[in-house]
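Student: quick one, structure for this:
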Amino acid sequence: CSVILLAGCSTSDNNKKPSTGFNLIFPDKLTGFERTGQVKIYPADSLYNYIDGAADEYIAYGVVRVASCEYSRGDLVYSIDLYEFTNSLGAFGIYSKRRLPGDNFIDLGTEALLGNGYVYYLKNRYFMTINTYGDELPDFEGLASFATALDSLIPGPAIYPPQVMVFPRKRLIEHSDKFWPHGFDNFAAPESCFSADYKKGDDTCTLFYSSNRTLTEYETLAKVIKKRALIITHISDLGKNSIYVVSREDGKILAGYSEGVIFGVLNVSGDYWAKALCRALLENLGVEP
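Tutor: Numbering: from 1, shown residues only. Predicted coordinates for the structure are as follows:
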């Protein structure tokens, strides 16, 4: 946990330029399919030429480049985009925003989901999409087999970023954790934060935190919350200057600050559950509540 706090949500390794041999990942033939044409490479500064306005989001997460190619067998075509990021956190962030807790997850890479004619895939600093074209969609088994063959060629460890492993497991909604490089949802602050959803009975809420932040940054977030609040209560037994409010837009919110960590809960049913979630999170981070 101390390593997490020291590294925080820093993207200081964004200046590194990792290099991947895409021709090794995409051979001429794979599980009975043949690659059609060359592998096309789009560096980050030319990504707009490939995915237009969608490039902004990928750049925010630290994309280095994307490799694109197609494989075909008869009338069936697999279109593949493999995005390489500066670090595993960026790849996780872009992948996590494209999954839903109820998706059909399969045991590939760090995590992957299999849909009706498509695969979303995460491993190390890579995020991959496989989309299917043709007169008939492939069966799930065939698509999963092709994705498994690609998985064996993509380098790196299949692990989650440590920043998302500190979320308390009790009542956590699996596959709901996310990384936000520039604030999240309709909040402008804090930057570079992490969130996860929780369920208790019929109630759901979102727990979030951001490391290596200053008290001034927390006070800025608190001002954003207070502007939308109907009721404000100060909480003296949790962090510094903690507040519990009822917002017009976001329901009940708890937010606080301790030892460089901004933390809080959105849309929580009551302050007791909110404080319990925050205390469990801070304990996992090694931070004094």
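Student: hey, what's residue 194 bridged with?
Tutor: residue 179, residue 209 (DSSP bridges).
Student: can you count the residues close to it?
Tutor: 25 (other Cβ atoms under 10 Å). Any C-beta I mention is one placed from the backbone N, CA and C, and that applies to glycine too.
Student: begin at 56, not 1, for the rest of this chat.
Tutor: Done: numbering now begins at 56, and the last item shifts to residue 249.
Student: my read: it touches residue 261, true?
Tutor: No. With contacts counted by Cβ atoms under 8 Å, residue 249 stays clear of residue 261, the gap being 10.6 Å.
Student: buried set for the helix or strand containing residue 198?
Tutor: Assigned by DSSP states H and E, residue 198 belongs to helix 195-206. Buried residues in helix 195-206, defined by neighbour count with 16 or more other Cβ atoms under 10 Å: 197, 198, 199, 201, 202, 203, 205, 206.
Student: hmm, who's touching that helix?
Tutor: 80, 85-86, 88, 126, 133, 135, 161, 163-164, 167, 169, 172, 174, 176, 178, 183, 185, 187, 193 (Cβ atoms under 8 Å, 6 or more residues apart in numbering).
Student: so where do the helices sit in this structure?
Tutor: Assigned by DSSP state H, the chain shows helices spanning 57-62, 77-80, 103-106, 110-115, 143-151, 195-206, 270-282, 326-340.
Student: which of those has the lowest average pLDDT?
Tutor: With a mean of 36, helix 57-62 has the lowest mean pLDDT of the helices of the chain.
Student: residue 82: neighbour count?
Tutor: Burial measure for residue 82: 13 neighbouring residues, criterion other Cβ under 10 Å.
Student: skip the chain neighbours and tell me the closest residue to it.
Tutor: Nearest residue to residue 82 in three dimensions, chain neighbours excluded: residue 90, at 7.2 Å (Cβ to Cβ, 6 or more residues apart in numbering).
Student: for residue 130, same thing?
Tutor: residue 189 (4.6 Å).
Student: report the contact partners of residue 158.
Tutor: So residue 158 contacts 168, 170, 230 (Cβ under 8 Å, 6+ apart).
Student: pull out the buried residues from the residues you listed.
Tutor: Neighbour-count burial (16+ other Cβ under 10 Å) applied to the contacts of residue 158 gives 168, 230.
Student: where is pLDDT lowest across the contacts of residue 158?
Tutor: Lowest pLDDT among the contacts of residue 158: residue 170, 92.
Student: from residue 297, how far off is the spatially most central residue of the chain?
Tutor: In the chain, the residue lying closest to the centroid (Cα atoms, centre = their mean) is residue 148, at 2.6 Å. From residue 148 across to residue 297, the span is 27 Å (Cβ to Cβ, to the nearest Å).
Student: please enumerate the strands of the stretch 56-205 of the chain.
Tutor: 84-85, 88-98, 118-128, 131-140, 160-161, 166-170, 173-178, 181-188 (DSSP state E, counting those that start in this stretch).
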